[in-house]
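Novice: Next input, structure requested:
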Amino acid sequence: MTKTSKNRHHVVIIGAGFGGIEVANQLAGVEVDVTIIDRRNHHLFQPLLYQVAGASLSTSEIAWPIRYLFRNRPEVNTLMAEVEGIDQDARQVILNNGMRQTYDTLVLATGATHAYFGHDEWGAFAPGLKTLEDATTIRGRILAAFEEAERTSDPQQRAALQTFVIIGGGPTGVELAGTIAELARDTLARDFRSIDPSTSRVVLIEAGPRLLSVFPKDLSAYTRQALEKLGVEVVLGTPVTECSADGVVYGGKPLSAKTIVWAAGVQASPAARWLGAASDRAGRVVVGPDLTVAGRPEVFAIGDTASCTMADGKPVPGIAPATKQQGKYVANLIGRRLKGKPVDGPFKYRHQGNLATIGRSLAVIDMGRVKLRGAFAWWIWKLAHIYFLIGTRNRLSVALSWVWNHSIGYRGSRIIMHAIADKEPTALDKSGSLD
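Specialist: Here you go, the predicted structure:
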């Protein structure tokens, strides 16, 4: 399907996330043709998605067209397409339009989506945060809730509209809770006349015994205290048992809320099913020490697509640095194979630390022996994320947005898109205007 140079090895990468882009970048200079297949036309800096949802950043500041990234790489082709399966014997990727893409080496970097633990119907009421569409939908629901609260005179309805529930106490849940609380108490505090946004409830519910379970207990405790100072209500050790248009039920207690966000679990892409390969409970493809699929040395799986263990038996975490390391390893392995050189050995993950931001001047960082919290950790968090953004313009744009937000609390991306995917449209959605 894609034109390739005669007699050159063809590497097909499914997924243009951190892992897929890293593989393509690291293959620069290697005698291969590369085809990247993704259902979207952009690469997304996912760690900052919550800031789009919280109206701090615009979509263009954290996403870049794939074709733009490889405009100076003629050996790299991009296909915006949906994958429906893989014919391993023919070495072909089957696309949703019936076309097939032949490969010599296949890299599966398809990421993960939301997991509702057997309650997929909850997705209509509690969207997760994995894509730009998710972020703009959540942002729209948050802002529209305030707008409708301004219009209603019913106290109970207004209270439900000004109640925001985040399910899941990992980094995404913590970051969302903090940014929504600051949005309500700082950014929107003087924008309305009939309501007081600062009285809004932000409730973070975690089924486990503490927030940020991958962090040390002292940093988890600090995170809880910091969120509570921001006005977030933290509920621990209590799973949510029901999500609906009316709100949630947890611990047998109903809570009326019109905005619910899911940050509690992930499910891998259908890659394991495409391959007929062994998978773990989350659907991730079980891979060998060299990140290949059993019996298929030409097929690699990385990032959230793969279930990979370290030398100590612990799983490689599903975070961006680990995914990028896997991408670099796979590209190096492909290059060595083509040159007839021996493989350097199994993949070894080098942990570089865990980071999570809590609020506008608060963060926690765990780097093993070094643990940081508070404003200093927040600055390091900011600098690290700016460093990994693509392009000088984007780094400057994000830095300026953060400086402006930090100085006066202003968030400029407070635009409501009319195509908000609500299961049951609110009065705002039905009317289409405020007239």
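
Novice: At which residues are the helices of the stretch 1-150 of the chain located?
Specialist: Secondary structure of the stretch 1-150 of the chain by DSSP state H, counting those that start in this stretch: the helices cover 18-26, 49-53, 66-69, 132-151.

Novice: Could you dump those into TSV and include mean pLDDT and mean neighbour count?
Specialist: Using the backbone N, CA and C atoms, a C-beta is placed for each residue, glycine as well. Converted to TSV, the helices of the stretch 1-150 of the chain look like this (pLDDT from 0 to 100; neighbours: other Cβ atoms under 10 Å):
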stretch	mean pLDDT	mean neighbour count
helix 18-26	97	25
helix 49-53	94	26
helix 66-69	96	18
helix 132-151	95	21
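
Novice: For the ones you listed, give me a markdown table that also has distance to residue 193.
Specialist: Listed next are those as a markdown table, based on distance: least, Cβ to Cβ, whole Å:
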| stretch | distance to residue 193 |
| --- | --- |
| helix 18-26 | 44 |
| helix 49-53 | 26 |
| helix 66-69 | 44 |
| helix 132-151 | 7 |
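
Novice: Go through these and name the closest to residue 287.
Specialist: helix 18-26 (12.4 Å; Cβ to Cβ).

Novice: re the thing from before, for residue 361, find the nearest of the helices of the stretch 1-150 of the chain.
Specialist: Among the helices of the stretch 1-150 of the chain, the nearest to residue 361 by Cβ to Cβ is helix 49-53 (14.7 Å).

Novice: Just name whatever secondary elements the closest one is in contact with.
Specialist: Other elements packing on helix 49-53 under the criterion 3 or more Cβ pairs under 8 Å, 6 or more residues apart in numbering; DSSP states H and E are helix 132-151, helix 171-182.

Novice: The last one - contacts with which helices or strands?
Specialist: Packing contacts for helix 171-182, counted by 3+ Cβ pairs under 8 Å, 6+ apart, involve helix 49-53, strand 163-167, strand 201-206, helix 217-229, strand 232-236, strand 354-359.

Novice: Can you get me the centre-to-centre distance for it and its chain?
Specialist: 14 Å (Cα atoms, centre = their mean, to the nearest Å).

Novice: And residue 410, what's its pLDDT?
Specialist: Listed pLDDT for residue 410 reads 63.

Novice: can I get the helices and strands packed on helix 171-182 in CSV with distance to residue 415?
Specialist: CSV is the format used below for these (distance: least, Cβ to Cβ, whole Å):
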stretch, distance to residue 415
helix 49-53, 11
strand 163-167, 19
strand 201-206, 21
helix 217-229, 27
strand 232-236, 25
strand 354-359, 23
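
Novice: Quick one: closest of those to residue 78.
Specialist: Per Cβ to Cβ, nearest to residue 78 of the helices and strands packed on helix 171-182: helix 49-53, 22.0 Å.

Novice: List the contacts of that closest one.
Specialist: 57-59, 62, 129-132, 134-136, 138-139, 142, 172, 175-176, 179, 261, 413 (Cβ atoms under 8 Å, 6 or more residues apart in numbering).

Novice: cool, stretch 301-315 as well?
Specialist: Applying Cβ under 8 Å, 6+ apart, the set of residues contacting stretch 301-315 from outside is 15, 17-19, 23, 107-112, 266, 268-269, 271, 279-280, 282, 284-287, 291, 293, 316, 318, 322-323, 326-327, 330, 347-349.

Novice: and residue 310, how many residues sit next to it?
Specialist: 16 (other Cβ atoms under 10 Å).

Novice: how much space between it and residue 59?
Specialist: From residue 310 across to residue 59, the span is 35 Å (Cβ to Cβ, to the nearest Å).

Novice: Now do the strands in the stretch 251-400 of the chain.
Specialist: Secondary structure of the stretch 251-400 of the chain (DSSP state E, counting those that start in this stretch): strands at 253-256, 259-262, 266-268, 285-286, 292-293, 296-301, 306-307, 354-359, 362-367, 370-374.

Novice: Centre of the chain to the second one, how far?
Specialist: What that stands for is strand 259-262. With Cα atoms, centre = their mean, you get 15 Å for strand 259-262.

Novice: pLDDT weak spots in this protein?
Specialist: 1-6, 405-412, 418-435 (pLDDT under 70).

Novice: gap between stretch 364-379 and the chain center?
Specialist: With Cα atoms, centre = their mean, you get 22 Å for stretch 364-379.

Novice: What is the end-to-end distance of that stretch?
Specialist: Using Cα to Cα, to the nearest Å, the end-to-end distance of stretch 364-379 comes out at 10 Å.

Novice: which of the residues in it are buried?
Specialist: Under the neighbour-count criterion of 16 or more other Cβ atoms under 10 Å, stretch 364-379 has 364, 365, 366, 371, 372, 373, 377, 378 buried.

Novice: for the residues you listed, which one is nearest residue 166?
Specialist: The closest of the buried residues of stretch 364-379, once distances to residue 166 are taken by Cβ to Cβ, is residue 364, at 17.4 Å.

Novice: If I follow the layout properly, that closest one ends up in contact with residue 222?
Specialist: Yes: the criterion here is Cβ atoms under 8 Å, and residue 364 meets it with residue 222 at 6.3 Å.

Novice: picking that back up, Produce a ChimeraX select command limited to the buried residues of the contacts of stretch 301-315.
Specialist: Here is the ChimeraX command that selects the buried residues among the contacts of stretch 301-315 (16+ other Cβ under 10 Å):
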select :15,17,18,19,23,107,108,109,110,111,112,266,268,269,271,279,284,285,286,287,291,293,316,318,322,323,326,327,330,347,349
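
Novice: Roughly how far does the nearest residue to residue 399 once chain neighbours are set aside sit from residue 62?
Specialist: Distances taken as Cβ to Cβ, 6 or more residues apart in numbering place residue 386 nearest to residue 399, at 5.7 Å, with adjacent residues excluded. In this view, residue 386 and residue 62 are 11 Å apart by Cβ to Cβ.

Novice: Looking at these two, which is more packed in?
Specialist: A side-by-side neighbour count of residue 386 and residue 62, using other Cβ under 10 Å, places residue 62 first with 25 against 15.

Novice: List the residues that contact the more buried one.
Specialist: Residues in contact with residue 62 (Cβ under 8 Å, 6+ apart) are 44, 45, 48, 49, 51, 52, 389, 394, 398.
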